[in-house]
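Engineer: sequence unknown, structure follows:
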């Protein structure tokens, strides 16, 4: 029930904000920052998962594999500028490390 109410509230807020304040009516400074919003939110989630003691870094069978996968993903993201390739690279590093361990 709580999840349903949260989903309704979130959907309602998005609908109201999109209809009342469409992106083309935002100030130029905010419009320039919109493309960076999703990567920043994802980076926050990843950082939170890595810092906690029950995050992915704590549960890996190979010590440091999560950090190696993140380093490879960062390098691929920097070189490719493609949203899916860093994820695929991190998954590949993780799978190879887990299989070889």
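Structural biologist: Perfect, I can see it now. These figures come from a predicted structure and were not determined experimentally. Numbers count the residues shown, from 1 in each chain.

Engineer: tell me the pLDDT at the residue positioned nearest the centre of the chain?
Structural biologist: Relative to the mean C-alpha position of the chain, the nearest C-alpha, by C-alpha atoms, centre = their mean, is the one of residue 42, at 2.2 Å. At residue 42, the predicted lDDT confidence score is 77.

Engineer: quick check: buried residues in the helix or strand hosting it?
Structural biologist: Using DSSP states H and E, residue 42 sits in helix 37-51. The neighbour-count criterion (16 or more other C-beta atoms under 10 Å) identifies residue 46 as the buried residues of helix 37-51. Where you see a C-beta, it was placed from the backbone N, CA and C, and this is true even at glycine.

Engineer: what packs against that helix?
Structural biologist: Counting contacts by 3 or more C-beta pairs under 8 Å, 6 or more residues apart in numbering; DSSP states H and E, helix 37-51 is packed against helix 56-59, helix 65-80.

Engineer: quick one: that helix to helix 65-80, angle?
Structural biologist: Interaxial angle of helix 37-51 relative to helix 65-80 (axes from the mean of the first three to the mean of the last three C-alpha atoms, to 10 degrees): 160 degrees.

Engineer: just to revisit the earlier point, any idea how far the residue nearest to the centre of the chain lies from residue 4?
Structural biologist: To residue 4, residue 42 is 26 Å away according to C-beta to C-beta, to the nearest Å.

Engineer: can you check residue 93 too?
Structural biologist: From residue 93 to residue 4 the distance is 38 Å (C-beta to C-beta).

Engineer: top helix in the protein by residue count?
Structural biologist: In the chain, assigned by DSSP state H, the helix with the most residues is helix 2-20.

Engineer: that one: how far from the chain's middle?
Structural biologist: With C-alpha atoms, centre = their mean, to the nearest Å as the basis, helix 2-20 stands 21 Å off its chain's centre.

Engineer: other residues contacting the next helix or strand after it?
Structural biologist: Tracing the chain past helix 2-20, the next element assigned as helix or strand by DSSP H and E is helix 28-33. Here helix 28-33 makes contact (C-beta atoms under 8 Å, 6 or more residues apart in numbering) with 23, 24.

Engineer: helix 28-33: how far from the chain's middle?
Structural biologist: 21 Å.
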